[in-house]
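**Student:** below are the sequence and a predicted model; questions follow.
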Amino acid sequence: MQSPLLMVPQQNAPEAIAPAPAYHAPAPAPATVELGDLGRILLHRRKLIFATVALLTIATLIYAFLTPALYSSTAQIIIDPQDLQVVTNDVNPSRISPDGGITQVESQVSVAQSNGVLLRAIKATNLTENLDFNGQGGLGGWLGMFFGASDGDRTAETLDALRRRLAVKRDDKVLVLNIIITAKSADLAAELANAIAQAYLDDQAEARSKAAADASDAISARLEDQRKRVEQAANAVETYKAEHNMVMAAGNLVSDQELTDLNTQLTAAQTRTAQLKAQVDQLRRQGGAPDATSEAMRSPVIASLRAQEATLVDQISQFGTELGPRHPSMISAQQQLSDLRKLISRELGRLVTAAETDYERASANQKALEAKVASLKGKSLDTDQASVRLRELQRDLDAVRTVYANYLQRAQETREQTNVNSTNARIISEAMPALKKSWPPKGLLIFGAIFGGLALGIGMALIAEYLSPTVLSANQMQSAIEAPVLGVLPGRGRRRSGAAAQKTDAVAGLALQRIAAATRRPPDWPLVPSILVASPPEDKAERSRVAWQLANAAAARGRRVLFIDINAGKGQKDPQPGVLDVLRGEYPLDAVSRYAPGSSVALVSRGRPTAVFQEAQALYFAHRMLAEANHSFELVVIDGGALADDLNVLPLVAMADEILLVARLNATPMRDVAATSEAVSVMGRLPTGAMLVDEAA
């Protein structure tokens, strides 16, 4: 919609003045940043990127050459979570965690860096006298001298410096600690690493010895109390026994032992009595033949007499056969046999009498024992109640004696453990002086500086692009001006190339075809087709080139072209008449147009800006100028310059069919494009298209 300010006055306007036909542009593409756009950003900001890389690399080189060389040495300690089992009841029990002891070894990383271990190593190496660690060397020494620092104990400064130079690490999946020391001297680094490793082992041994000593002291302190408790319990038992007249022997009451013995004797007596009674009963049942009993068979006297009897019986039988029954020898033998049998009868009678006597004695002994047992049982019933309390006191005594014995044994064991080192750790690799310095790694630093500088430079380039965005792509330009981009011309660097010139001409010709295809003009429209080219001030050269390229492309295709350069002659003291003179009505178009030598394009310069024209009259004369040009030309191309800086071009903006904005890819700031588009809007029009110039193409 046109502003009323630009409307042609009716008294000066021709009878048929119609508004310029509207340009129906396709819907603009969304503004997106593509991968190609990122490349253009980096190319455009390449100086910033390379400067960042150069500065960072130079700073790194200065640091690498000025920094003193450092050397690293490593000592390795293997730690077995299962300690040496020296005694059964160790003060430091050895238990392996479910993760195989990894957690236990991991905790030793902090132990190896503890103050106790480091102070032990500092003392062993006299590190407080080393200027690199005690804060007296280098910048610290100068600062100390300047601020008047004291020369007292430097242990704290040395400890802090050593901690900064120390690294304790555990390799993955192993139980090995790596103690790494970095120092300016390779020999000192190795010495410190070995000293810390040995200090760690000594600290562990001392800690375990101290734990055993503390446990022994604590147990020993309780021994006297336990001894007194045993004494009190023993006195209570003895007092109770004395009060109840209870005599003990072999841990038991004498009365109980006596009753037990009598019961044993009574049982034996009862058995003996039963045996003798059976023997007597057997002898009595035999009646007249007691010689058939077992006692008679076992008696040696009876056996001897029976043997003599058998001998006499044999003799009598022999005498009866040889001598006869009345022979004196026969009679003497018979008399001897009769006497012998009387002896056997008397001996058997004596056996029966002896058995009866033994039975009577056994029976009497049994009755006596039964009487004693009965008497002791009566007494035992009287002492049972007292025995219950006595057994209770005895149990208390046994319990405190057991506790006292355990305390005594444990105290002796823990006392011995103070002299035994059960730590299962050892140094498997002593630190050796390094042959190569570990810092600064010049190659790695330079490599990191280059790539870090690239990353930083790219980041800074993207930030700079974000803070001051430029035209990155045709899509972005279309989104900014809400009009299509008709083409992208290559930069000036390729103008000398024949292929580049052909490409430029082809792009310009294609842009003209797109304009012609999109423009809908009435058949009887009295004005010549016109294209006004505008741009931000810094794109003056590209704008002039694009405008002139469009004019030449149209002329090359056989069209009669008028080129109006609003900037030609600007600033001259005595310029030739031009388009400003025509807009004031002082000159006709034919009087100010001319053909350049060797060109088929007619030129019109800016003219003389001596008199200020009225905008309404200028609009009328602009309309008349384009109507006159319609008789001699088929296209008018206007280099409108920077619209925001020159309001004299306003009538031409109002009457032009097409308004093209020119910008450089990756160079023209988006704010300048927005300012130019806003200037066109203020003049009552909207951009109908854009042409881009790609210097990298």
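**Tutor:** Cool, the structure landed. Numbering: from 1, shown residues only.
**Student:** could you use CA atoms for every contact and neighbour count after this?
**Tutor:** Noted.
**Student:** okay, now residue 401: neighbour count?
**Tutor:** 19 (other CA atoms under 10 Å).
**Student:** OK, contacts around it?
**Tutor:** residue 230 (CA atoms under 8 Å, 6 or more residues apart in numbering).
**Student:** helix, strand, or coil at residue 426?
**Tutor:** What DSSP: H, G, I helix; E, B strand; the rest coil gives for residue 426 is strand.
**Student:** cool, and the one 5 residues further on?
**Tutor:** Three-state secondary structure (criterion: three-state DSSP) places residue 431 in coil.
**Student:** which non-adjacent residue is nearest it?
**Tutor:** Counting by CA to CA, 6 or more residues apart in numbering, residue 431 lies nearest to residue 75, which is 4.5 Å off, once chain neighbours are set aside.
**Student:** next helix or strand past the host helix or strand of that neighbour?
**Tutor:** Under the criterion of DSSP states H and E, residue 75 resides in strand 71-79. With elements assigned by DSSP H and E, the helix or strand that comes after strand 71-79 is helix 102-112.
**Student:** what comes up buried for the helix or strand following that following helix?
**Tutor:** Where DSSP H and E defines the elements, the next helix or strand beyond helix 102-112 is helix 115-125. For helix 115-125, a neighbour-count test (16 or more other CA atoms under 10 Å) marks 117-122, 125 as buried.
**Student:** can you tell me how far residue 435 sits from residue 187?
**Tutor:** From residue 435 across to residue 187, the span is 10 Å (CA to CA, to the nearest Å).
**Student:** those two: who's more crowded?
**Tutor:** residue 187 (16 against 10).
**Student:** correct me, but the more buried one touches residue 431?
**Tutor:** No: judged on CA atoms under 8 Å, residue 187 makes no contact with residue 431 at a distance of 9.5 Å.
**Student:** can you classify residue 349 by secondary structure?
**Tutor:** Three-state call for residue 349 (three-state DSSP): helix.
**Student:** distance check, it against residue 281.
**Tutor:** Taking CA to CA, one finds residue 349 at 14 Å from residue 281.
**Student:** go on, residue 68?
**Tutor:** 125 Å.
**Student:** for residue 206, same thing?
**Tutor:** On the measure of CA to CA, residue 206 and residue 281 end up 89 Å apart.
**Student:** same deal with residue 111?
**Tutor:** Computed with CA to CA, the distance linking residue 111 and residue 281 is 96 Å.
**Student:** more neighbours: which of those two?
**Tutor:** Taking neighbours as other CA under 10 Å, residue 111 and residue 281 compare with residue 111 leading, 17 against 13.
**Student:** quick check, pLDDT for that one.
**Tutor:** Here the pLDDT value assigned to residue 111 is 92.
**Student:** equivalent analysis for residue 676, please.
**Tutor:** 92.
**Student:** with residue 147 instead?
**Tutor:** The model reports residue 147 with a pLDDT of 50.
**Student:** ok, the one 5 residues further on next?
**Tutor:** Note on residue 152: pLDDT of 57.
**Student:** just the one 4 residues further on next, same as before
**Tutor:** The score at residue 156 is 90. That number is its pLDDT.
**Student:** host element of it?
**Tutor:** Using DSSP H and E, residue 156 falls in helix 155-165.
**Student:** can you point out the buried residues in that helix?
**Tutor:** So for helix 155-165, counting by 16+ other CA under 10 Å, buried means 155, 158-160, 162.
**Student:** reformat those as a markdown table; add distance to residue 328.
**Tutor:** Shown next, in a markdown table, are the buried residues of helix 155-165 (distance: CA to CA, whole Å):
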| residue | distance to residue 328 |
| --- | --- |
| 155 | 140 |
| 158 | 142 |
| 159 | 139 |
| 160 | 142 |
| 162 | 140 |
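**Student:** what about residue 471, how many residues close to it?
**Tutor:** Residue 471 has 25 nearby residues by other CA under 10 Å.
**Student:** re earlier: so who does the residue nearest to residue 431 touch?
**Tutor:** 178-180, 190, 193-194, 197, 427, 429-431.
**Student:** and residue 441, by the same measure?
**Tutor:** Applying CA under 8 Å, 6+ apart, the residues contacting residue 441 are residue 64.
**Student:** state the phi and psi torsions of it.
**Tutor:** Dihedral pair for residue 441: phi -80, psi 100, per degrees, to the nearest 10.
**Student:** would you agree residue 325 is in contact with residue 334?
**Tutor:** No: using CA under 8 Å, residue 325 makes no contact with residue 334, being 9.7 Å away.
**Student:** in a strand, residue 637, correct?
**Tutor:** Yes: per three-state DSSP, residue 637 lies within a strand segment.
**Student:** and it, how far from residue 652?
**Tutor:** 11 Å.
**Student:** again with residue 328
**Tutor:** Taking CA to CA as the measure, residue 328 falls 204 Å from residue 652.
**Student:** one more: residue 605?
**Tutor:** In terms of CA to CA, residue 605 sits 14 Å off from residue 652.
**Student:** residue contacts, residue 446?
**Tutor:** Residue 446 is in contact with 57, 60-61, counting by CA under 8 Å, 6+ apart.
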